[in-house]
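In: Here is the input, now give the coordinates:
(chains A and B)
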Protein chains: 2
Amino acid sequence: MKIIIDAMGGDLGPSEVIKGSLDAINELNIDIILVGNEDIIKNELKNYKDSHDRIEILNADDIITNDEDPSLAIRRKKNSSLVVGFNALVNGLGDGFLSAGSTGAILAGGIFIVKRIEGIHRAPLSVLYPTLRGFSLLLDAGANVDCKPEYLYQFALMGSIYMEKVMGKTSPTIGLLNIGSEKGKGNALSKEAYALLEESELNFIGNIEGRDLPAGTVDIVVTDGFAGNIALKLTEGVATSIFSLLKEELMKNFKTKFGAAILKPEFKNIKNRFDYREYGGAPLLGLKKPVVKAHGSSDAYAIKNGIKQLVKFVENDVIKIIQENIHIEK
Amino acid sequence: MKIIIDAMGGDLGPSEVIKGSLDAINELNIDIILVGNEDIIKNELKNYKDSHDRIEILNADDIITNDEDPSLAIRRKKNSSLVVGFNALVNGLGDGFLSAGSTGAILAGGIFIVKRIEGIHRAPLSVLYPTLRGFSLLLDAGANVDCKPEYLYQFALMGSIYMEKVMGKTSPTIGLLNIGSEKGKGNALSKEAYALLEESELNFIGNIEGRDLPAGTVDIVVTDGFAGNIALKLTEGVATSIFSLLKEELMKNFKTKFGAAILKPEFKNIKNRFDYREYGGAPLLGLKKPVVKAHGSSDAYAIKNGIKQLVKFVENDVIKIIQENIHIEK
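Out: Just a heads-up that it's a prediction; the model follows:
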């Protein structure tokens, strides 16, 4: 298996992406194509002795930043690491593609270059959302703000296949994010989506409320990209606020610092529960080839876990299964 | 001033509501009408010596529970404490009404019995949302799941008047809950609402994201009742999850219990920051008379604070100001 990596994407720069890629080669027995400025990549690789023979470099002198208009950048920057990487994927140079770059540009590149699977209306952004029970797949987390009921049904179908094949959940449960648990609750979109999900063969357990998300009531949370994006960023915000209040209180005086020192490992355990690095990355579902978006601030460990997830995405024929089921069910 | 209180609403029963009412009489120099079963109320009042002359009882033998269909219950249960209370308000027996009963039934009663101010399209549910800087007013928190841009504009206007007149914020800032901070982001509703808010005379500072809510970036957060309800319940859920993880970690062994004992006052400080009891209640804006919904699990202290808020709601002529501004601006 050969994986294409955008060596220039991510806030921490190429060194972490390249270190993570090398760790993945050793652990997963794969080949890797690093896409980006050849000089920079070669210079980074001098720090390592192993695995050089399993690495190819594909030169791309330009980069796309977070500040650029995603669609415009994808159309204009033909020599960016992102566009060169996507083209390499489409041309069959590798089996899957990972980038920690701009989310918008990765989505735009996925849709314009890799293209959607025939019959798929929209490609959602999917994220692994940490819960009290582990994690759930939340989709759409922000790609499609105005959705139709059929889109939500397809998100549920693709999420279900991904959670089963890649994350190893048997018959994963699906919940529709809504304002109440009873059938008949919600806005026009959720009422129609409920009906579609109910009559499908998916393991749909009904509506879930905001509080069910962190509780981990279901394996897959389906919603439109507007509510999903607000939910995702709000979760980060609430957690950050509580930890910052905690820090403020625990740094108040000698007594509190003493207590905090005793409990340091326990506080670390809690923070780790919210660590995106363990989960690797966000799959772009609905595209013709496997693409994973790693978190923007991914370090080498997070990159390696993202590649691990991408390898399972490829190995388990997720895209072929989606293609088969889309044609059967719609 | 005379305040009408639903003595039967709330999860903790009439004793807490009545105790809170008596505390409010002493602190605020007001008269109170308690609505509910006369025998139960009289029996409760035997526990107190003071203020009997400032209390009237309005008998209502029935109650509306959380499990009932709100609109149906309001139409059918004419002798419920909620319907009798609303009718007393409309007939001018008192200046404002407070209940800790079913949110849906209070909303339905407000709309069907008290009725909307002329020119107001929809009455939102408003909640005081705790933030790092104090609290923000979030509206709509769940009353209207399918909104039009004009509704959101009116929510902003009413919220602004309330925060200024009742909560004492000068020129309160308004943010539109969205998936990105830049203009032009979001779904069809948010783009149109943005335009309306931008051209208004309100202190609109633009879009805010999910993470800005707990940070307290703005005084008033405007959104439709679908996203608002999900945001509210998700916030509760994330906070509950983190506190439950914390509890689990800190009860692990002797060492952690020792550390937790040292930090007990600090943990309590953090929990207090999320205490709804301090904020009193949720105003129902857009109705012809002042109505406040107290939290379902309100104790006497929360009820007293809710009455305090209602008194300011009445004193500061919020409804008259809304009426004047609706006619001028639309």
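In: residue ranges of the helices in the stretch 201-330 of chain A, please?
Out: Secondary structure of the stretch 201-330 of chain A (DSSP state H, counting those that start in this stretch): helices at A:212-215, A:225-250, A:254-262, A:264-273, A:300-315, A:318-329.
In: which stretch in those helices is the model least sure about?
Out: The minimum mean pLDDT among the helices of the stretch 201-330 of chain A belongs to helix A:318-329 (a mean of 84).
In: Please work out which residues outside that one touch it.
Out: The contact list for helix A:318-329, computed with C-beta atoms under 8 Å, 6 or more residues apart in numbering or on different chains, reads A:117-120, A:154, A:157-158, A:161-162, A:165-166, A:200-201, A:285-290. C-betas here are computed from N, CA, C, even on glycine.
In: Just the buried residues of that helix, please?
Out: Using 16 or more other C-beta atoms under 10 Å in any protein chain shown as the test for burial, helix A:318-329 gives A:Val318, A:Ile319, A:Ile321, A:Ile322, A:Gln323, A:Asn325, A:Ile326.
In: Of all pairs in the residues you listed, which one spans the longest distance?
Out: Of all pairs drawn from the buried residues of helix A:318-329, the one with the longest distance (C-beta to C-beta) is A:Val318 and A:Ile326, at 12.3 Å.
In: Show me how far stretch A:321-328 is from its chain's centre.
Out: Its chain's C-alpha centre and that of stretch A:321-328 lie 22 Å apart, by C-alpha atoms, centre = their mean, to the nearest Å.
In: what about dumping the CA coordinates of that stretch to PDB?
Out: The C-alpha atoms that make up stretch A:321-328 are tabulated as PDB, following Å, rounded to 0.1, in the frame of the first residue of the first chain:
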ATOM      1  CA  ILE A 321     -19.100  -0.600   0.000                       C
ATOM      2  CA  ILE A 322     -20.600   2.900  -0.100                       C
ATOM      3  CA  GLN A 323     -20.900   2.700  -3.900                       C
ATOM      4  CA  GLU A 324     -22.700  -0.600  -3.600                       C
ATOM      5  CA  ASN A 325     -25.100   0.500  -0.900                       C
ATOM      6  CA  ILE A 326     -25.900   3.900  -2.500                       C
ATOM      7  CA  HIS A 327     -27.100   2.100  -5.600                       C
ATOM      8  CA  ILE A 328     -29.100  -0.500  -3.700                       C
END
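In: Can you tell me the closest non-neighbouring residue to A:Thr217?
Out: Take A:Thr217 and drop its neighbours on the chain: the residue closest to it by C-beta to C-beta, 6 or more residues apart in numbering or on different chains is A:Ile208, 5.5 Å away.
In: what sits against the one you found?
Out: By C-beta under 8 Å, 6+ apart, the contact list for A:Ile208 reads A:Gly175, A:Leu176, A:Leu177, A:Asn178, A:Ser181, A:Thr217, A:Val218, A:Val221.
In: Show me what it bridges to in the sheet.
Out: A:Leu177 (DSSP bridges).
In: where along the stretch 1-150 of chain A do the strands fall?
Out: Ranges of strands within the stretch 1-150 of chain A are A:2-6, A:31-36, A:55-59, A:96-99, A:126-131, A:134-139, based on DSSP state E, counting those that start in this stretch.
In: Let's have those strands in TSV, adding distance to A:Gly237.
Out: Listed next are the strands of the stretch 1-150 of chain A as TSV, based on distance: least, C-beta to C-beta, whole Å:
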stretch	distance to A:Gly237
strand A:2-6	28
strand A:31-36	33
strand A:55-59	38
strand A:96-99	25
strand A:126-131	14
strand A:134-139	15
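In: May I have the beta-bridge partners of the spatially most central residue of chain A?
Out: When C-alpha atoms, centre = their mean is applied to chain A, the residue found nearest the centroid is A:Ala282 (0.7 Å). Going by DSSP bridges, A:Ala282 is paired in beta bridges with A:Lys293.
In: my guess is it meets A:Ser298, correct?
Out: No - using C-beta atoms under 8 Å as the test, A:Ala282 is too far from A:Ser298 to be in contact (11.2 Å).
In: returning to what we had before: closest one of the buried residues of helix A:318-329 to B:Lys264?
Out: A:Val318 (49.2 Å).
In: Find the nearest non-adjacent residue to that closest one, please.
Out: A:Lys165 (5.3 Å).
In: Check A:Gly94 too.
Out: A:Ile4 (3.9 Å).
In: Might one say that the one you found is in contact with A:Leu98?
Out: Yes - A:Ile4 is in contact with A:Leu98 according to C-beta under 8 Å; the separation is 7.4 Å.
In: When those two are compared, which one has more neighbours?
Out: Set A:Ile4 next to A:Leu98 and count neighbours by other C-beta atoms under 10 Å in any protein chain shown: A:Leu98 wins out with 33 against 27.
In: give me the number of residues near the closest residue to the more buried one other than its chain neighbours?
Out: Using C-beta to C-beta, 6+ apart and skipping the chain neighbours, the partner closest in space to A:Leu98 is A:Val292 (4.8 Å). A count of neighbours around A:Val292, defined by other C-beta under 10 Å, yields 26.
In: Also the one 10 residues further on?
Out: Counted with other C-beta under 10 Å, the neighbours of A:Ala302 add up to 25.
In: Report the residue ranges of every domain in chain A.
Out: A:1-120+A:286-317, A:121-276 (automatic domain parsing).
In: just to revisit the earlier point, out of the helices of the stretch 201-330 of chain A, nearest to B:Leu250?
Out: Of all the helices of the stretch 201-330 of chain A, helix A:264-273 comes closest under C-beta to C-beta, at 6.3 Å.
In: Quick one: list the elements packing against that closest one.
Out: Counting contacts by 3 or more C-beta pairs under 8 Å, 6 or more residues apart in numbering or on different chains; DSSP states H and E, helix A:264-273 is packed against helix B:225-250.
In: Report the inter-axis angle for the helix it packs on versus helix B:264-273.
Out: Per axes from the mean of the first three to the mean of the last three C-alpha atoms, to 10 degrees, the angle that helix B:225-250 makes with helix B:264-273 is 170 degrees.
In: If you count neighbours, what's buried in helix B:225-250?
Out: For helix B:225-250, by 16+ other C-beta under 10 Å, it's B:225-239, B:241-242, B:245-246, B:249-250.
In: Then stretch A:67-77?
Out: Applying 16+ other C-beta under 10 Å to stretch A:67-77 flags A:Glu68, A:Pro70, A:Ala73, A:Ile74, A:Lys77 as buried.
In: So which of these sit within helices?
Out: A:Pro70, A:Ala73, A:Ile74 (DSSP state H).
In: Now flag whichever of the residues you listed is closest to B:Ser21.
Out: Nearest to B:Ser21 among these: A:Pro70, at 57.2 Å, using C-beta to C-beta.
In: residues touching A:Gly216, list them.
Out: Here A:Gly216 is in contact with A:Thr131, A:Leu132, A:Arg133, A:Gly134, A:Phe135, A:Ser136 (C-beta under 8 Å, 6+ apart).
In: Including distance to chain B, could those go into a markdown table?
Out: Putting the contacts of A:Gly216 into a markdown table (distance: C-beta to the nearest C-beta, whole Å) gives the following:
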| residue | distance to chain B |
| --- | --- |
| A:Thr131 | 8 |
| A:Leu132 | 5 |
| A:Arg133 | 10 |
| A:Gly134 | 12 |
| A:Phe135 | 13 |
| A:Ser136 | 12 |
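In: Flag every residue of the stretch 1-150 of chain A that's near chain B.
Out: Within the stretch 1-150 of chain A, the residues that sit near chain B (C-beta under 8 Å from any C-beta of the partner chain) are A:Thr131, A:Leu132, A:Gly142, A:Val145, A:Asp146.
In: No further queries at this time; thank you.
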